[in-house]
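Novice: 3D, please:
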Amino acid sequence: MKQYICPQCGAKSFIPAPSCPDCGETVAINDYRTEEVACPPMPPEVNCMALTSDLGKELNVRVMPFPTDVGENMLRQISDYSRQAERIQFRLIWRDRKCFIQAIPGTRNATALNGKIITDEAEIHQGDSISICGRKTGQQGMTIIAIYKL
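Specialist: Sure thing, here's the model as predicted:
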């Protein structure tokens, strides 16, 4: 996984933000230093998945017996780019402590898993990136990192 390091304060995050979540300084994406780090190990038992985006905050999605709809309102907690998402952009479904992402047909922007647009359902693995991207251009916008947690 790539980790971004703020040139001002040295804070580390998995998403390059327009301003550092720690020191608040404005940082151009190209000014971040990067380093490759090992993906956090999968916990022996999974209770939730943390979604992290450009604000450096986590949205914990707990293991539930029913699907969780994710859209603009929920994503607003972790990203300044949540307006790129629909009211319901994608659905998270838990099966046997594994989480699957399901695309919602008809959204103006597509949902991608690790840069590949999903049209149906796909399993989310530790450290995967979920992004909202243009349907025609494929250009990625808001990006979220998924980390399974105990």
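Novice: I'd like to know how far residue 10 sits from residue 126.
Specialist: Between residue 10 and residue 126 the computed distance is 25 Å (Cβ to Cβ, to the nearest Å). Quick note: C-beta positions are derived from backbone N, CA and C, even for glycine.
Novice: which one of those two has more residues nearby?
Specialist: residue 126 (17 against 11; other Cβ atoms under 10 Å).
Novice: Can you spell out which helices and strands pack onto the longest strand seen in the chain?
Specialist: The residue-count maximum for a strand in the chain (DSSP state E) belongs to strand 140-149. Strand 140-149 sits against strand 48-52, strand 129-134, with contacts defined as 3 or more Cβ pairs under 8 Å, 6 or more residues apart in numbering; DSSP states H and E.
Novice: Partner strands of it, with direction?
Specialist: With DSSP bridges as the test, strand 140-149 is paired with strand 48-52 (antiparallel), strand 129-134 (antiparallel).
Novice: need the ones you listed in CSV with mean pLDDT, mean neighbour count and distance to residue 20, can you?
Specialist: What follows is the strands paired with strand 140-149, written out as CSV (pLDDT from 0 to 100; neighbours: other Cβ atoms under 10 Å; distance: least, Cβ to Cβ, whole Å):
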stretch, mean pLDDT, mean neighbour count, distance to residue 20
strand 48-52, 95, 20, 14
strand 129-134, 95, 21, 20
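Novice: Okay then, goodbye and thanks.
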